[in-house]
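In: need coordinates for the following:
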Amino acid sequence: MGFFSGLDVEAYDRQYSDRQLLSRMGSYFRPYALLMVGIGLLSLFNAMAGAAVPLLLARALDLAGPAITAFQILVVTFVVLASGVLVWAANWWRRRLTARVIGDVVMDIRVDGF
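Out: Below you'll find the model as predicted:
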């Protein structure tokens, strides 16, 4: 007897197509389309900025060569720190917007009586 043995389809279970489910989810999130675009853009920015840090660091070290100065080290340190702060801020903002949108959708569903 397996873990999923009691999860068979019951006679009273409704059968929905993927199109019906996506349409229903789309109707819930449609009022938040602009925020969803913002969440997607923040995710894209976060991924690009996070990937850019090692590339910028490697390029800066290549340009500096073996005779790196203290000022160049300071500049590279500042750039890496600033990009880390930007990645952190974008991630915080994305998570805040995501939580707000999902919370609003859940509350709308509860208010409508579903």
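In: what's the residue closest to the geometric middle of this protein?
Out: Most central in the chain under CA atoms, centre = their mean is Ser43, positioned 4.3 Å from the mean C-alpha point.
In: now it: which helix or strand?
Out: helix 33-64 (DSSP states H and E).
In: cool, Met25 as well?
Out: helix 18-29.
In: now swap in Leu74 and tell me
Out: Using DSSP H and E, Leu74 maps to helix 70-112.
In: which strands or helices does that helix pack on?
Out: Packed against helix 70-112 by the contact rule (3 or more CB pairs under 8 Å, 6 or more residues apart in numbering; DSSP states H and E) you find helix 18-29, helix 33-64. Glycine gets a C-beta too; all of them are placed from N, C-alpha and C.
In: could you pull out the buried residues of the first one?
Out: This points to helix 18-29. By 16 or more other CB atoms under 10 Å, the buried positions in helix 18-29 come out as Tyr28.
In: quick one: low-confidence parts of the chain?
Out: By pLDDT under 70, the low-scoring segments of the chain are 1-2, 4-13, 111-114.
In: how close does the residue located most distally from the centre of the chain get to Ala60?
Out: Using CA atoms, centre = their mean, the residue of the chain lying farthest from its centre is Ala67. It sits 40.2 Å away. Distance, Ala67 to Ala60, using CB to CB, to the nearest Å: 14 Å.
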